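Peer 1: Build me a model:
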Amino acid sequence: MNKKLKIYSTLFVAAIIVLVTVNAVFVNFQSHSYCSEDEKLEFAEVPAEYVTCDTLADGSIAKNYKGEVSFEVYVTPKRGHEERALFSTSGNQIFKVDMQRVKLVVPASKNKLGNFPVIFAIASAAVMLFVGVWIFCLIFKLISRVRKGEIFVAQVARYIEMTGFLLTALYILQLIVSYILTQYLVRNIQLACYDIVFKNDCNSMYLITGLALMIISQIILMGKDLKDEQDLTI
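Peer 2: Prediction:
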């Protein structure tokens, strides 16, 4: 077994263990703040800063929704809020509403978070798109080689290995971007009764598939060496 194959196999096993452990026992390392008495979460009429209503000539009402900026975040109840919760009552059924991921919406005219979240998200999306196009080109080249009957060749192994690298990098990039944006929002947004928390919701298949492809690339190289030795023997 060559050195790269040992490294990739070890990383693959380690990634599986970490992902299974994190999904089975989710641990939130972020400290929670305390809920004060003046904080409240309620249903209310939509303020005029979000929408304006105009009465038309025929007596109908036209609603004009203003520009908004939205952020999707994971939340958890603040300390001191354990005995209070949201409940849904309809007919004879009562359900506790457990919020975990929510969308926060603020009028664009009163957005005090600055342009960093939007610019950072757009720049990150552009980089991810570039990586995605690169992966697509590598897959196209790989399929072309396989259709020609070229399997146990160095170039095919390199295509597979690079595709694995890019998929793994895509997962890590998504994780970093999600963490940075969440921490920025944590420091700049205050919610009633809830704290914003970070939760890894990146697609773990990118990481698993990427590491698996890197292992396969080394197996193909080993097969190429065996084939070369067989050809020399004959």
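Peer 1: C-alpha only now, for contacts and for neighbours.
Peer 2: Fine.
Peer 1: Please point out which parts of the one helix or strand residue 162 maps to sit buried.
Peer 2: Per DSSP states H and E, residue 162 falls inside helix 154-188. Buried positions in helix 154-188, judged by neighbour count with 16 or more other C-alpha atoms under 10 Å: 154-175, 178-179, 181-182, 185-186.
Peer 1: which other helices and strands contact it?
Peer 2: helix 116-147, strand 194-197, helix 204-233 (3 or more C-alpha pairs under 8 Å, 6 or more residues apart in numbering; DSSP states H and E).
Peer 1: Helix, strand, or coil at the residue nearest to residue 39 when sequence neighbours are not counted?
Peer 2: Closest residue to residue 39 apart from its sequence neighbours, by C-alpha to C-alpha, 6 or more residues apart in numbering: residue 192 at 5.1 Å. Following DSSP: H, G, I helix; E, B strand; the rest coil, we place residue 192 in the coil state.
Peer 1: again with residue 109
Peer 2: When classified by three-state DSSP, residue 109 comes out as helix.
Peer 1: can you tell me how far residue 137 sits from residue 157?
Peer 2: To residue 157, residue 137 is 15 Å away according to C-alpha to C-alpha, to the nearest Å.
Peer 1: typo on my end, residue 105
Peer 2: Distance from residue 105 to residue 157, counting by C-alpha to C-alpha: 47 Å.
Peer 1: okay, the angle between the helix holding residue 162 and helix 204-233?
Peer 2: Counting by axes from the mean of the first three to the mean of the last three C-alpha atoms, to 10 degrees, helix 154-188 lies at 160 degrees to helix 204-233.
Peer 1: what about helix 154-188, distance to the chain center?
Peer 2: With C-alpha atoms, centre = their mean, to the nearest Å as the basis, helix 154-188 stands 10 Å off its chain's centre.
Peer 1: when you give positions from now on, start the count at 83
Peer 2: Shifting the count to begin at 83 puts that one at helix 236-270.
Peer 1: Can you verify my assumption that residue 199 contacts residue 263?
Peer 2: Yes - between residue 199 and residue 263 there is a contact under C-alpha atoms under 8 Å: 6.6 Å.
Peer 1: Adjacent strands (with direction) for the longest strand along the chain?
Peer 2: Assignment by DSSP state E gives strand 150-159 as the longest strand of the chain. In the sheet, strand 150-159 lines up against strand 183-189 (antiparallel), strand 276-279 (antiparallel) (DSSP bridges).
Peer 1: Show me what it is in contact with.
Peer 2: 132, 181-191, 193, 264, 275-281 (C-alpha atoms under 8 Å, 6 or more residues apart in numbering).
Peer 1: Buried only: go through these for me.
Peer 2: Counted by 16+ other C-alpha under 10 Å, the contacts of strand 150-159 give 132, 188, 189, 264, 275, 276, 277, 278, 279, 280, 281 as buried.
Peer 1: Closest to residue 89 out of these?
Peer 2: Closest approach between those and residue 89, by C-alpha to C-alpha: residue 281, at 28.1 Å.
Peer 1: Can I get the strands paired with strand 150-159 in a markdown table including distance to residue 168 and mean pLDDT?
Peer 2: Rendered in a markdown table, the data for the strands paired with strand 150-159 read as follows (distance: least, C-alpha to C-alpha, whole Å; pLDDT from 0 to 100):
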| stretch | distance to residue 168 | mean pLDDT |
| --- | --- | --- |
| strand 183-189 | 14 | 87 |
| strand 276-279 | 12 | 88 |
